[in-house]
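Trainee: Dropping a prediction and its sequence here:
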Amino acid sequence: MNEARRRFLLLSLKSVDLGLLVLSFALATIFIAHSDASVSLPDFLSMRVKLSNCVTSLVLLIVWHGLFSLCGLYRSRRLSSMLADAIDITKASALSTACLGFAAIVFSISMVKVPLLLLFFSFTLFFVFASRVFLKGVLSRARRRGRNLRYVLILGTNPRAIKFAKRISDPDLGYRILGFVDDKWHGFDDFKKTGFTIACDHDGLAEFLRRNVVDEVAMYLPFGEFYDRCLQAAALCEQQGIILRFEGDIFGLKTARAHAEDLEGDQFIVTNTDARDWGALIAKRTLDIVLSFTLLVLLAPLYVVVALLIKLSSQDPVFFLQARVGVNKRRFMIYKFRTMIPHAEDMLSELEKQNEVSGPVFKIKKDPRITPIGRILRRTSIDELPQLINVLKGDMSLVGPRPLPFRDYEGFNEDWQRRRFSIRPGITCLWQINGRSAIQFDEWMKLDLQYMDQWSLLLDLKILAQTIPAVWKGSGAA
């Protein structure tokens, strides 16, 4: 497909999406107007169109287009699954709905209320997803008939290269494998059994690219052993304007994910182990701010009562502040209700031999440093409530690995355990709802990494819901 035709089709797709968004809003409006007895549909349709409404609509269309682009709906989806498409479309629809709701608040659009927003989201999700299913069907049929094809040459004959070739062999994807490029090596006999063919050796690559239709070159040579070969192949592709494809995980990392970033025109491959779904992360931070602020307001009377009880039993400050390890080992001060006698930390060295848990953390059930009121606060986890201030400030999240003192961090002896510090710590996590102090240290660390690897907004909500009964039972509290 030439560049002009590709740009035309992409522009057409964008126009269709904007049309579907307008249609979704129109249908949602008609449904609401029809169900509202106080507003008849003819009266609604005969309302005078104001210039301000036109400007607002134009701004919304621009924002919606930007959100669809940010969610990746206009990049090449040839190799993406329908599930991946559905997830991205759901994100785009939800963000577009949120923007419509925000515009309704800012510009006082009285008709745009929760029922209309729900209808708009449902219609948008249905229409856009249906359009993508239809588009995939049309493209699949075209590719089976020899249209919209991409001719691929694969460098390397190792198992990763063969796996890639098998993944793109589906006729619906529209790839045609020209062959593999490699010299003979000890695994060459295994490659021959796959049925794939050799197009040329490495010395013949330049001539093959000159003489044949090649849309893409997929690089699967080991970079360490064949760096010069990879460099030459990349230069050849650049000189002849051929797309070069290679996996971002060139180091064989197990949990880190790779993505591309641009810095003033320079391209970088960046690996990370935490979530990079910016839409979900924004939603998580929004949830943190809203819930922490709401709880701080609602629990203000309880704070006053607890503060009075602490003051009546001791003249020491109500709050206990301690340096904890935050994101990527940043230092922050955590807020807790005071539950121990003064200078409790100075007594820690004397009590080390009584430690009842494994690993670098320190816990004993009958800690002599804990005051009578402090014991109640700990058993009910009320001492943790001031950490809502840390959540509101951004030091912590509602859900995340528990923040540890620097004394505990210094006792870590395995680097895999330190990955838990790559995300914002939280008030509660899987450890909190699975027994807390009753869990061995290594299992605790594994639960934290499990949370990181499986993270989603839904998982956060499940953990928050399960935290209340866990605290009520007091399981594992120390």
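Mentor: Yep, it's here.
Trainee: residues in contact with residue 181?
Mentor: 153, 154, 155, 156, 198, 199, 200, 201, 202, 204, 205, 208 (C-beta atoms under 8 Å, 6 or more residues apart in numbering). Heads up, the C-betas are built off the backbone N, CA and C, glycines and all.
Trainee: Setting the sequence-adjacent residues aside, check what's closest to it.
Mentor: residue 155 (4.8 Å; C-beta to C-beta, 6 or more residues apart in numbering).
Trainee: The one you found and residue 197, how far apart?
Mentor: Distance, residue 155 to residue 197, using C-beta to C-beta, to the nearest Å: 14 Å.
Trainee: I'd guess residue 364 is in a helix, am I close?
Mentor: No. Residue 364: not assigned to a helix; according to DSSP: H, G, I helix; E, B strand; the rest coil it is coil.
Trainee: For the strand or helix carrying residue 208, the averaged confidence score.
Mentor: Taking DSSP states H and E as the criterion, residue 208 maps to helix 205-211. If you average the pLDDT over helix 205-211, you get 93.
Trainee: which strands and helices sit next to that helix?
Mentor: In terms of contacts (3 or more C-beta pairs under 8 Å, 6 or more residues apart in numbering; DSSP states H and E), helix 205-211 is packed against strand 150-155, strand 198-200, helix 227-240.
Trainee: how about 7 Å then?
Mentor: For helix 205-211, the packing partners by 3 or more C-beta pairs under 7 Å, 6 or more residues apart in numbering; DSSP states H and E come out as helix 227-240.
Trainee: now the helix it packs on against strand 150-155, angle please.
Mentor: Angle of helix 227-240 versus strand 150-155, following axes from the mean of the first three to the mean of the last three C-alpha atoms, to 10 degrees, is 160 degrees.
Trainee: For the very next helix or strand once past helix 227-240, which strands pair with it and how are they oriented?
Mentor: In the C-terminal direction, the helix or strand that comes right after helix 227-240 (DSSP H and E) is strand 243-246. Partners of strand 243-246 in the sheet, by DSSP bridges, are strand 216-219 (parallel).
Trainee: Centre of the chain to the strand it pairs with, how far?
Mentor: Here the centre of strand 216-219 is set off from its chain's centre by 28 Å, with C-alpha atoms, centre = their mean, to the nearest Å.
Trainee: can you count the residues close to the residue nearest to residue 181?
Mentor: As a burial measure, residue 155 scores 24 neighbours (other C-beta atoms under 10 Å).
Trainee: what's it in contact with, if anything?
Mentor: Residues in contact with residue 155 (C-beta atoms under 7 Å, 6 or more residues apart in numbering) are 181, 217, 218, 219, 220, 221, 233.
Trainee: among those, who's most crowded?
Mentor: residue 181 (28 neighbours).
Trainee: Torsion angles phi and psi at that one?
Mentor: phi -120, psi 120 (degrees, to the nearest 10).
Trainee: same deal with residue 370?
Mentor: According to degrees, to the nearest 10, residue 370 has phi -80, psi 130.
Trainee: Tell me, how many residues neighbour it?
Mentor: Residue 370: 19 neighbours (other C-beta under 10 Å).
Trainee: And residue 141, by the same measure?
Mentor: 12.
Trainee: Over to the one 10 residues further on?
Mentor: Using other C-beta under 10 Å as the criterion, residue 151 is surrounded by 14 other residues.
Trainee: same deal with residue 63?
Mentor: By the criterion of other C-beta under 10 Å, residue 63 has 16 neighbours.
Trainee: do the same with the one 10 residues further on
Mentor: In terms of burial, residue 73 registers 20 neighbours under the definition other C-beta under 10 Å.
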